[in-house]
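Peer 1: Make a model of this:
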Amino acid sequence: MSELPVVSVHIPMELRTLVGGHDEVMASGETVGDVLRAVGNTYPEFAVRVLCGDGRLAEGLSVCLGGCTQPQDFSSPVGQEEVLTIVATGVVACAVPAPEKARQAGAPVEALISIGD
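Peer 2: Numbering: from 1, shown residues only. Sure thing, here's the model as predicted:
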């Protein structure tokens, strides 16, 4: 069994289709970034649309840890059974590297992904 903290990740309505319609998913990691990448490993569409190629969160999103209302950065440590909430603060957009198959087909290397209004 892993010694990494198990975290409950709350998913906003705008992103639920990326995680199979779930409003909450469980993931493990030592930091906020580790947890978000773990969610992305389980749900590749989440990774492509929410986690930018340069390692930051897509524009229009922030994350809050526990009861904290201040956005947290990817290096913030997480504790066992903590709650990480993804908050949609506007239109979600991120320039991300195109999937490998699209690159092989000659598609552009970057695409603008938007979710929501």
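
Peer 1: how about low-confidence regions in this protein?
Peer 2: 1-2, 69, 71, 91-117 (pLDDT under 70).

Peer 1: Strands of that one, residue ranges please.
Peer 2: Counting by DSSP state E, the chain has strands at residues 6-10, 24-28, 59-65, 83-97, 110-115.

Peer 1: Now tell me what touches the longest helix seen in the chain from outside.
Peer 2: Longest helix of the chain, by residue count under DSSP state H: helix 32-42. Helix 32-42 is contacted by residues 4, 7, 9, 19, 25, 27-29, 46-48, 50-51, 55, 57, 63, 65, 72-76, 78, 84 when judged by Cβ atoms under 8 Å, 6 or more residues apart in numbering. Using the backbone N, CA and C atoms, a C-beta is placed for each residue, glycine as well.

Peer 1: which among these end up buried?
Peer 2: Buried members of the contacts of helix 32-42, scored by 16 or more other Cβ atoms under 10 Å, are 7, 9, 19, 25, 27, 29, 46-48, 50-51, 57, 63, 65, 72, 74, 78, 84.

Peer 1: Could you list which residues are in contact with residue 19?
Peer 2: For residue 19, the contacting residues are 11, 25, 39, 42, 43, 46, by Cβ under 8 Å, 6+ apart.

Peer 1: Roughly how far does the fifth one sit from residue 49?
Peer 2: Taking Cβ to Cβ, to the nearest Å as the measure, residue 43 and residue 49 are separated by 10 Å.

Peer 1: Ok, the first one next?
Peer 2: In this structure, residue 11 and residue 49 are separated by 12 Å, where distance is defined by Cβ to Cβ.

Peer 1: Tell me how many other residues surround residue 86.
Peer 2: By the measure other Cβ atoms under 10 Å, the count of residues near residue 86 is 21.
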